[in-house]
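Engineer: got a structure for you, letters missing:
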């Protein structure tokens, strides 16, 4: 059964933080107690980021925070972004909220039980028999894997309407107490954001037909330490290994070939790879690994420049930019995340999008 993308949206929280002011504030917080900060602070200039967005104002980061206030900020900020992204996707699809049969919620940057889709149940106007599928721990791979899971659920019942909502509040994991290089790099890269998508087996009545193929994942053994969270009394602490660009160079091409083979495609058939831009070096590594012309992942760089690395939703920001630019043909969405995992999903856009 073909599954079609009916609506796609993105949403950002209200606090815009320029890279310069984040660098300045980080210097105040880290400079006096972390001797390597001046050297590592060059990452702010080379990250390819002009601004990020946050669910909390910049002054929040100068205070100490533990689990309780970090998670309260997550719930408040994530609920607001859920409503913004979900309602915009429904509007784009021409759906009403009470038509949604299943909602898939992806997030790895906070904990809510009941989960986020239950937290906003009344505001959204969902039916009381809606199926809820929350996904946690996917990290940067969550956007592509979330689409793949939502597609599988839509594939299970003809005409079922599935809403995917992907939300991350990476800024709330800012840590000034651990004095680790990963925390400086994370401060230079990560921001908050959300995206939502509407999927159904029924083809859209109007506009382009955007068909989603079967997803594929590749996991590497003995790579748990590359990316993820350390968890302690203060909250989440980022695990972000410096080996990621080199790992992409060494492993991404073979993983991508496996994904193409699994989905019955070849590299030559792909008109556009739609990639999660983990950082400027990662984007360069992907272009090199896939033998793409340097600079061809322009939407990835634009997304990184305008909103930073938002983890899971970032690839959906890229997809939205690619679609709005009128790109058509066979695409492959891909992202890397903790596990260590590569996640892929074929996307075919009919010529009507031009």
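Structural biologist: Noted; the coordinates are in hand. Since we're looking at a predicted model, the values are computed, not measured.
Engineer: am I right that residue 333 is in a helix?
Structural biologist: No: using DSSP: H, G, I helix; E, B strand; the rest coil, the assignment for residue 333 is strand, not a helix.
Engineer: when you give positions from now on, start the count at 27
Structural biologist: With the count now opening at 27, the last piece we talked about shows up as residue 359.
Engineer: next, count neighbours for it.
Structural biologist: Neighbourhood size, residue 359 [other Cβ atoms under 10 Å]: 26. Glycine gets a C-beta too; all of them are placed from N, C-alpha and C.
Engineer: so it bridges to which residues?
Structural biologist: Residue 359 forms beta bridges with residue 300, residue 371, as assigned by DSSP bridges.
Engineer: and it, what does it touch?
Structural biologist: Residues near residue 359 by Cβ atoms under 8 Å, 6 or more residues apart in numbering: 169-170, 173, 300-301, 341, 345, 370-373.
Engineer: the same query, at a cut-off of 6 Å, please.
Structural biologist: Applying Cβ atoms under 6 Å, 6 or more residues apart in numbering, we find residue 359 in contact with 170, 300, 371, 373.
Engineer: nearest to residue 350 among those residues?
Structural biologist: Of all the contacts of residue 359, residue 300 has the smallest distance to residue 350: 12.6 Å, by Cβ to Cβ.
Engineer: return the distance of that closest one relative to residue 170.
Structural biologist: Distance, residue 300 to residue 170, using Cβ to Cβ, to the nearest Å: 9 Å.
Engineer: who's more crowded, those two?
Structural biologist: The neighbour count for residue 300 versus residue 170, taken as other Cβ under 10 Å, is higher for residue 170 (33 against 26).
Engineer: ok, the more buried one touching residue 372?
Structural biologist: No: the pair residue 170 and residue 372 does not pass the contact test of Cβ atoms under 6 Å, sitting 10.7 Å apart.
Engineer: what is the nearest of the contacts of residue 359 to residue 248?
Structural biologist: residue 170 (22.8 Å).
Engineer: check which helices and strands the helix or strand where that closest one lies sits against.
Structural biologist: Following DSSP states H and E, one finds residue 170 within helix 168-181. Helices and strands touching helix 168-181, as assessed by 3 or more Cβ pairs under 6 Å, 6 or more residues apart in numbering; DSSP states H and E, comprise strand 29-37, strand 128-132, strand 188-195, strand 218-226, helix 340-350, strand 355-363, strand 367-375.
Engineer: tell me how many other residues crowd residue 248.
Structural biologist: Considering only other Cβ under 10 Å, residue 248 is surrounded by 7 other residues.
Engineer: scratch that, residue 321
Structural biologist: Residues near residue 321, counting by other Cβ under 10 Å, number 10.
Engineer: and the helices and strands packed on helix 168-181, which is most packed in?
Structural biologist: Comparing those by mean neighbour count (mean count of other Cβ atoms under 10 Å), strand 188-195 ranks first with a mean of 31.
Engineer: would residue 265 count as being in a strand?
Structural biologist: Yes: counting by three-state DSSP, residue 265 is found in a strand.
Engineer: bridging residues for it?
Structural biologist: On the basis of DSSP bridges, residue 265 is bridged to residue 254.
Engineer: what residues are up against it?
Structural biologist: By Cβ under 6 Å, 6+ apart, residue 265 lies in contact with 253-254, 256.
Engineer: and for residue 375?
Structural biologist: The contact partners of residue 375, by Cβ under 6 Å, 6+ apart, come to 234, 236, 354.
Engineer: just the closest of those residues to residue 84, please.
Structural biologist: Using Cβ to Cβ, residue 236 comes nearest to residue 84 of these, at 37.5 Å.
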